[in-house]
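Colleague: Got a sequence here, can you build the structure:
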Amino acid sequence: MFRQVKSAIFWYYLYKFRKRVMIISALLIIAVFANSIYTDIVEYLTLKEKLEYLELALVIKWLIIFSNILISIYLILTLFKRKDIDKPQVKKKKEKRQSNIRKDNTKFSKREEEFINKKSLKTKAEALLDR
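Modeller: From the prediction side, this is the model:
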């Protein structure tokens with residue numbers, strides 16, 4: 001039973017974050033292939049006796065590896081970050097709208113204000129049934 005729950009949770013999060021997981025896995029695969037490409041470049045440069053470019057190849061290899069790993073770590077750390085940043089702004093807008101409505105309430109008569117502030121509207125039939 002526990003295995004099924006664990007598997008369900010795993011597949012849920014894998015499906016939910018599939019785009020980010022694909023990006024992370026692609027970056028890590030690029031980092032692994034950077035090493036094999038580097039060995040090919042080293043062999044080629046030694047055969048052609050252009051050893052002055054070996055230093056540049058080494059620097060480029062490690063730049064690729066470190067940048068891919070750092071981007072992957074950043075994506076993993078921000079994976080479960082909340083997206084509630086925009087919600088406080090929405091609440092402020094709603095409060096402004098409500099305050100505008102309250103300012104306009106002074107234009108209404110007493111009966112109209114009661115009608116606006118009423119929580120639920122009942123028909124005549126519902127009022128008779130309540131009696």
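
Colleague: lowest-pLDDT helix or strand in the protein?
Modeller: When the helices and strands of the chain are compared on mean pLDDT, DSSP states H and E, helix 87-104 comes out lowest with a mean of 60.

Colleague: Can you tell me which helices and strands whichever helix or strand comes after that one packs against?
Modeller: Per DSSP states H and E, the first helix or strand lying C-terminal to helix 87-104 is helix 110-117. Applying 3 or more Cβ pairs under 8 Å, 6 or more residues apart in numbering; DSSP states H and E, we find helix 110-117 packed against no helix or strand. C-beta here means a position set from N, CA and C on the backbone, and glycine is covered the same way.

Colleague: Could you list the buried residues of helix 110-117?
Modeller: Neighbour counts over helix 110-117 (16 or more other Cβ atoms under 10 Å) mark no residue as buried.

Colleague: Next SSE downstream of that helix?
Modeller: Next helix or strand after helix 110-117 toward the C-terminus (DSSP H and E): helix 124-130.

Colleague: Check the average confidence over that following helix, would you?
Modeller: Helix 124-130 comes out with an average pLDDT of 77.

Colleague: next one: that helix to chain centre, how far?
Modeller: Between the mean C-alpha location of helix 124-130 and the chain-wide mean there is a distance of 50 Å, by Cα atoms, centre = their mean, to the nearest Å.

Colleague: just checking, what's the longest helix in the protein?
Modeller: What stands out as the longest helix in the chain, according to DSSP state H, is helix 18-47.

Colleague: Give me the buried positions along that one.
Modeller: For helix 18-47, burial by neighbour count (16+ other Cβ under 10 Å) applies to Val21, Ile24, Leu27, Ala31, Ala34, Tyr38, Ile41, Val42, Leu45.

Colleague: Find the nearest non-adjacent residue to Phe17, please.
Modeller: Residue nearest to Phe17 in three dimensions, not counting chain neighbours: Leu79, with 6.0 Å by Cβ to Cβ, 6 or more residues apart in numbering.
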